[in-house]
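Student: please find the sequence and the predicted model below.
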Amino acid sequence: MELKSHFTFSKQQRSGILLLLLLIVALLCIYWFVDFSEEDTLDISSAEIVAVQKEMDSLRLVEIENKKPKLYPFNPNFITDYKGYTLGMTNGEIDRLLKYRKEGKWINSAADFKRVTEVSDSLLNELSPYFKFPDWVTNPKPKSNFSNNKTDKGFAEKPYAQKIDLNKATEEQLQQVSGIGEALSKRIVSYREKLGGFSNDIELNSVYGLNPEVVQRTLNLFTVKTPREITKINVNKASASDIATIPGISFEMARKIWEFRRLREKISTIQELDKIEGMTERKLQLIQLYLSVE
């Protein structure tokens, strides 16, 4: 019996096989000789792309800067533990400043701040542009050449140990200061008795008729050595009437402080009160003695 070969194809089948071979060869040629890789149509080195990248970088830096705590002008005499921490001060530097202030002494310049706290020069250069001192410190009036029969003992500041306790000074002793006569000395003693004794030198500014120059000359000879104790009022819980009990603070100013706190829900530092209209540096120093944020 004659077997039919498996490789015997009809004409139509052979044509199909040939066409298939040609198609395979064509596909192989296309695969080897045609580059199918996609070209990068975005040229990142173009001027437009570089400009956009710079703009994005600047916006990113602005966002980072905006997230940093804002630094506003402040009096370094009223730096709290939290304020000092946010300023970058160490615990030791903050403690030295607080100890200095408890002695009734004041920071009146960047050099004083450096001497008392012993901060680094780099931190001092960063903070000192924001230091805000009272006008009588930053813009002192020139001393007059006028002199009277009284000696100018008040101009030369005595060491703390040699100063007379302001809470024990007599009218006659106070009259040693140039600018304080019988009327003012009586007024100082009367105000002291009304308070029950001074708690801090700053309260001397509340005596009616004493200008800053006379106050400073007085503090060159006198200082509070036996301060009366003060129970501080929590400004975040106090009413306007409570705040108005502070000597030297009117009810109108007390109401402004109460409204200021109410609008912000909570005050973090007493220094924030300097944004209140009519708030002076002296009033803020006085309020610092009577108010707390805790």
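Tutor: Arrived safely. Just so we're clear, the structure is a prediction, and the values are computed from it rather than from any experiment.

Student: and the contacts of the strand or helix carrying Asp112?
Tutor: Using DSSP states H and E, Asp112 maps to helix 110-117. Residues from elsewhere that reach helix 110-117 (Cβ atoms under 8 Å, 6 or more residues apart in numbering): 76, 89, 93-94, 96-97, 100, 107, 119, 121, 124, 127-128, 131. Bear in mind the C-beta positions are built from the backbone N, C-alpha and C, glycine included.

Student: of these, which pair is most distant in space?
Tutor: Farthest pair in these (Cβ to Cβ) is Tyr100 and Asp121. Separation: 19.5 Å.

Student: more neighbours: these two, which one.
Tutor: When Tyr100 and Asp121 are compared for neighbours, Tyr100 comes out ahead with 18 against 8, by other Cβ atoms under 10 Å.

Student: got a list of what that one touches?
Tutor: 107, 116.

Student: how close does it sit to Asn200?
Tutor: With distances taken as Cβ to Cβ, to the nearest Å, Tyr100 is found 14 Å from Asn200.

Student: can you list the weak-confidence ranges in the stretch 51-200 of the chain?
Tutor: Regions of the stretch 51-200 of the chain meeting the criterion pLDDT under 70 cover residues 64-70, 134-155.

Student: now the helices: where do they sit in it?
Tutor: Secondary structure of the stretch 51-200 of the chain (DSSP state H, counting those that start in this stretch): helices at 81-87, 91-102, 110-117, 121-127, 135-138, 171-174, 182-195.

Student: so after the longest one, what's the next helix or strand?
Tutor: What it means is helix 182-195. Heading C-terminal from helix 182-195, the first helix or strand you meet, by DSSP H and E, is helix 212-221.

Student: average pLDDT for the helix or strand that that next one is followed by?
Tutor: Going down the chain from helix 212-221, the next helix or strand is strand 222-223, by DSSP H and E. Averaged across strand 222-223, pLDDT comes to 94.

Student: stretch 285-294 too?
Tutor: Here stretch 285-294 scores 84 as its mean pLDDT.

Student: kindly export that stretch (C-alpha atoms) in PDB.
Tutor: The C-alpha trace of stretch 285-294 is given here as PDB (Å, rounded to 0.1, in the frame of the first residue of the first chain):
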ATOM      1  CA  GLN A 285       6.100  96.000  83.000                       C
ATOM      2  CA  LEU A 286       3.600  96.800  85.800                       C
ATOM      3  CA  ILE A 287       1.100  94.300  84.500                       C
ATOM      4  CA  GLN A 288       3.800  91.600  84.400                       C
ATOM      5  CA  LEU A 289       4.000  91.800  88.200                       C
ATOM      6  CA  TYR A 290       0.300  91.100  88.700                       C
ATOM      7  CA  LEU A 291      -0.800  88.900  85.800                       C
ATOM      8  CA  SER A 292       0.200  85.400  84.700                       C
ATOM      9  CA  VAL A 293      -0.900  83.100  81.900                       C
ATOM     10  CA  GLU A 294      -1.300  80.000  84.000                       C
END
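
Student: re the thing from before, just the C-alpha atoms of the helix holding Asp112, please, in CSV.
Tutor: The C-alpha trace of helix 110-117 is given here as CSV (Å, rounded to 0.1, in the frame of the first residue of the first chain):
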residue,chain,number,x,y,z
ALA,A,110,22.2,94.1,73.9
ALA,A,111,25.5,94.2,75.8
ASP,A,112,23.6,93.8,79.1
PHE,A,113,21.8,90.8,77.7
LYS,A,114,25.0,89.2,76.6
ARG,A,115,26.7,89.8,79.9
VAL,A,116,23.8,88.5,82.0
THR,A,117,22.8,85.5,79.9
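
Student: buried residues in it?
Tutor: Buried residues in helix 110-117, counting neighbours by 16 or more other Cβ atoms under 10 Å, are found at 110, 112-114, 116-117.

Student: can you show me the strands along the chain?
Tutor: 164-165, 222-223, 233-234, 291-292 (DSSP state E).

Student: contacts for the last one, please.
Tutor: Read it as strand 291-292. Here strand 291-292 makes contact (Cβ under 8 Å, 6+ apart) with 232-235, 238, 243, 246, 270.

Student: just the buried residues of those.
Tutor: Neighbour counting with 16+ other Cβ under 10 Å marks 233, 235, 238, 243, 246, 270 as buried within these.
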